[in-house]
Structures are given as structure tokens and as C-alpha cells.
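Student: Predicted model follows, preceded by the sequence.
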Amino acid sequence: MVSSLANGMIRYIAFDFHKECKNMRWDRLSILLDQVAEMQDELSYFLVDSAGMVVSNQEGVFRSNCMDCLDRTNVIQSLLARRSLQAQLQADVHVRLGVLHVGQKLEEQDEFEKIYKNAWADNANACAKQYAGTGALKTDFTRQAVRTGKRTQLGLLMDGWNSLIRYYKNNFSDGFRQDSIDLFLGNYSVDELESHSPLSVPRDLKFLALPIIMVVAFSMCIICLLMAGDTWTETLAYVLFWAVASIGTFFIILYNGKDFVDAPRLVQKEKID
């Protein structure tokens, strides 16, 4: 699409994050930075000297679009910001900032490193909580692993936990929040003549009954395994009965999945209409 535009002001760099950085090899992000380094130097940055004279102007911006548009985006932006900041703090031909000498790197400034990485990790958490309901994933990289290029096992476990919470919230508690955002942004116009609220959706009996039946059946299956009967055939019969009941109920819930998911009501309703 970018090629078909034939616009010299727009450039596109494709980078397969999952393939290049699999097995937690985040040091390979340097491949992407090398690809955009010359471009970033061309875009430059805004700089004013002590007399108020503009020494250089920024000629463009980077837009990082990850498939999920959240956590990996923050990682890439933090690396681009680090490279730009390092160039600004190094001695310049026109304006000597006196912070870094040519050849010095930000990674060598321990106190600054701590502040910089915490700032980007906090930024990631603030954005992630707004959009996904949890802290950001991969903040162990932005906080700790810039030097080593590797992630920590604890960070990986925390990402798994946050991913589970996001899955639950995305399916069972995010609909009302999305409706609130749509109302706040004006994406949905309230019809004062509408007789009932589009947010009030009647739930039938299966909404409560099926999950309760599934939990009870699964619990009974475990109890029958732990408390064996007089004979193994009796125990097997009880286990099979409750296992079939729990599995069957689970598939019925999956089949009627839309009735259990907390989907947004307002904008979705307009799209359907």
C-alpha cells in the first residue's frame, strides 16, 4: 500500500517481532534499529541554542504499529527515543550541551538509566491500564534488559498472569467500559426518544444455570476420583457421568458464547442496524 502511494515522505519498515526475537532474544531488536538508523538521523530533532536560535528542526516522526498496538509498540518507541536522546545529549557542532561526549552512551550513566527505564515502563503501564485493564507486558525489558537484551523469567511469568487477566476482562467485563468510552468520545449519540436503555440486556436462565452446572459437575468428578467407591466399576461410572456432564455443559456454553461475553452495546448496535 505504501509503495502504491509513491510518496517519498512515507516510508515503511516491516519487522517480524515474533520471529526475530523468539526465545526471548530481544537483543535482536538492534536489527530493526540498524534499519532505521539512517532514516532517524535524517529526521533529526528540534534544538534551540541559549540565544533562542533554532539550530535544527525535526522533519518527521516514527509511528510504530504492532499487531496488538500496545506492549511491543512501547518497547520499540523506547528504543527509538533512547537513540534520539543520546544524539541530543552528545556534544554538538553548534551547541555544546556538555552532558555526553561523542562516543559516550546513555547505558553508561547508571542513575539516568534507572530514571529513563522506569519512566518508559510507567508510561507503558498507564497506557495498558487504560486500554487493556492491566499493567503492560514486557516492562521487565524496558526496566532492566536494555543492556543485556534479554528478558527475565519473572517478567515472563508476570506477562502470563497479565495475559490471563486481560483475557478475562476482554471477554467478561470490558463491554461496559467500551460503551463508556464511546459515550465520552461522542461515538454514540443518545436518542432521548428511545423507550428503553440499549445497555439493559435481559439475561435468560441459561446465563446463570449453565456455568453453575458445569462447576458442580466438574467438582463432583474430582470428588469421585478422590473418594473411590466400593468397586472400580462403580467409581468409573460416577466419574464418567460427571465428566460427560461437565464437558457437555462446557461445549453448550461455547456454542452460546455470545450470550456470556460482555460485548459493547452502543456502537455495536449501530453497526448491526
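Tutor: Structure received.

Student: contacts, neighbours, all on C-alpha from now
Tutor: OK.

Student: show me where the stretch 1-150 of the chain has strands.
Tutor: With DSSP state E, counting those that start in this stretch, the ranges of strands along the stretch 1-150 of the chain come out as 47-48, 54-56.

Student: Of all those strands, which one is nearest Val267?
Tutor: Between Val267 and these, the tightest spacing by C-alpha to C-alpha is seen for strand 47-48, at 44.0 Å.

Student: Give the other helices and strands that that closest one contacts.
Tutor: strand 54-56 (3 or more C-alpha pairs under 8 Å, 6 or more residues apart in numbering; DSSP states H and E).

Student: Show me the strands paired with the strand it packs on, marking each as parallel or antiparallel.
Tutor: Neighbouring strands of strand 54-56 in its sheet, by DSSP bridges, are strand 47-48 (antiparallel).

Student: of all the strands of the stretch 1-150 of the chain, which lies closest to Arg203?
Tutor: Set against Arg203 and scored by C-alpha to C-alpha, the strands of the stretch 1-150 of the chain come closest in strand 47-48, at 59.9 Å.

Student: which other residues reach that closest one?
Tutor: Applying C-alpha atoms under 8 Å, 6 or more residues apart in numbering, the contact partners of strand 47-48 are 54-57.

Student: how far is that strand from where the chain is centred?
Tutor: 34 Å (C-alpha atoms, centre = their mean, to the nearest Å).

Student: okay, how far is it across stretch 224-242, tip to tip?
Tutor: Its start and end residues considered, stretch 224-242 measures 9 Å (C-alpha to C-alpha, to the nearest Å).

Student: which residues sit against it?
Tutor: 217-218, 220-222.

Student: which non-adjacent residue is nearest Arg11?
Tutor: Nearest residue to Arg11, sequence neighbours excluded (C-alpha to C-alpha, 6 or more residues apart in numbering): Val2, at 7.1 Å.

Student: Make CSV out of the contacts of strand 47-48 and add pLDDT.
Tutor: Converted to CSV, the contacts of strand 47-48 look like this (pLDDT from 0 to 100):
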residue, pLDDT
Val54, 86
Val55, 83
Ser56, 86
Asn57, 90
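
Student: need these in CSV with neighbour count and distance to Asp34, can you?
Tutor: Formatted as CSV, these follow (neighbours: other C-alpha atoms under 10 Å; distance: C-alpha to C-alpha, whole Å):
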residue, neighbour count, distance to Asp34
Val54, 11, 28
Val55, 13, 26
Ser56, 13, 23
Asn57, 12, 22
